[in-house]
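Participant: just to be clear, the model below is a prediction. Sequence and coordinates:
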Amino acid sequence: MSIWALRGLRDGVVTTRWPRRADEYADAWRGPVTVIGDADAQDVDGLCPTGAIEVAGQVRVDQGKCILCGRCVAQRPDLFAWSAGATGPDAAALTREALVIPHIAETDEAVAAVRAALAARTAALRRSVHVRHVDAGSDGSEEWEIQALPGPVYDVHRLGVFFTASPRHADVLLVTGAGSPGMAGPLRTTYDGMPDPRVVIAVGTDAISGGLLGDRLTGVAGAVPVDVFVPGSPPSPFGILNALLIATGKLR
């Protein structure tokens with residue numbers, strides 16, 4: 001008997017039961033920094049290497065720029081903390097502004113309109129969804145998390161989600177990387193080659209804002225219209241899976 005069969009008998013079923021059931025690993029995953037309390041905002045300038053911390057009347061953190069370095073949490077634990085949960089309400093956002101914490105006020109009508117528009121576009125994607133991944137200048141960290149999705153722990157196929165090499169067969173465009181100029185053309189060509197309805201997910205801080213290269217690159221939204229933003233550097237496989245299910249109407 002092979003070693004893989006013996007390992008299977010020993011370990012049993014390792015596939016997560018999420019989203020049918022809660023998963024402790026997903027809940028324990030460290031998310032981007034959030035603001036806690038109303039502590040004195042002095043000495044916060046220069047804490048963040050990507051400029052994610054803003055002080056304009058109150059302290060705000062742009063989670064779309066947070067690279068999870070932890071400098072602000074270590075130096076000002078009275079003001080900053082890690083957000084928890086890879087599948088919680090802040091694990092993915094339908095607008096770029098929603099990643100700024102505390103949330104900038106949005107009307108219920110505006111939020112409902114964004115959700116309704118996405119739901120209407122993805123109504124045909126309930127049963128089987130095919131994903132095309134494009135690296136637009138990534139450092140490789142997000143790719144490791146994406147590669148874990150088809151494995152036995154996450155088993156994305158059980159939820160009707162499959163990866164494809166052809167944009168002609170793709171429903172979802174999963175984009176990683178800071179949006180390098182050399183990839184703007186190929187990225188747009190991939191998007192244009194996808195049939196309607198099509199959904200774009202920006203995976204990770206680099207894809208959202210450029211990350212550490214934010215002074216030169218601004219992410220992928222300039223090349224393709226982004227529907228869902230997944231913060232993190234990198235986000236966990238649960239976070240990416242959560243965004244896929246939200247984007248395709250399989251999870252609200």
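Facilitator: Alright, I've got the coordinates.
Participant: skipping adjacent residues, who's closest to residue 220 in space?
Facilitator: residue 179 (4.4 Å; C-beta to C-beta, 6 or more residues apart in numbering). C-beta here means a position set from N, CA and C on the backbone, and glycine is covered the same way.
Participant: quick check: residue 122 touching residue 246?
Facilitator: No: with contact defined as C-beta atoms under 8 Å, residue 122 does not reach residue 246; the gap is 9.6 Å.
Participant: ok, these two, which is more surrounded?
Facilitator: Just comparing residue 122 and residue 246: by other C-beta atoms under 10 Å the higher neighbour count belongs to residue 246, 24 against 21.
Participant: and the more buried one, that's in a helix?
Facilitator: Yes: under DSSP: H, G, I helix; E, B strand; the rest coil, residue 246 falls within a helix.
Participant: which SSE is the residue nearest to residue 220 in?
Facilitator: Using DSSP states H and E, residue 179 maps to neither a helix nor a strand.
Participant: domains in the chain, by residue range?
Facilitator: Domain assignment of the chain by automatic domain parsing yields the ranges 24-89, 108-247.
Participant: could you pull out the strands in the stretch 101-250 of the chain for me?
Facilitator: With DSSP state E, counting those that start in this stretch as the criterion, the stretch 101-250 of the chain has strands at 129-135, 161-163, 172-176, 199-203, 228-230.
Participant: and these: which comes nearest residue 47?
Facilitator: For those, the distance to residue 47 is smallest for strand 228-230, at 22.8 Å, taking C-beta to C-beta.
Participant: and residue 53, how far is that from residue 212?
Facilitator: 15 Å (C-beta to C-beta, to the nearest Å).
Participant: again with residue 59
Facilitator: Taking C-beta to C-beta, one finds residue 59 at 22 Å from residue 212.
Participant: so how far is the first residue of stretch 195-202 from its last?
Facilitator: Separation of the first and last residues of stretch 195-202 by C-alpha to C-alpha, to the nearest Å is 19 Å.
Participant: low-confidence ranges in the stretch 151-252 of the chain?
Facilitator: For the stretch 151-252 of the chain, applying pLDDT under 70 flags the ranges 251-252.
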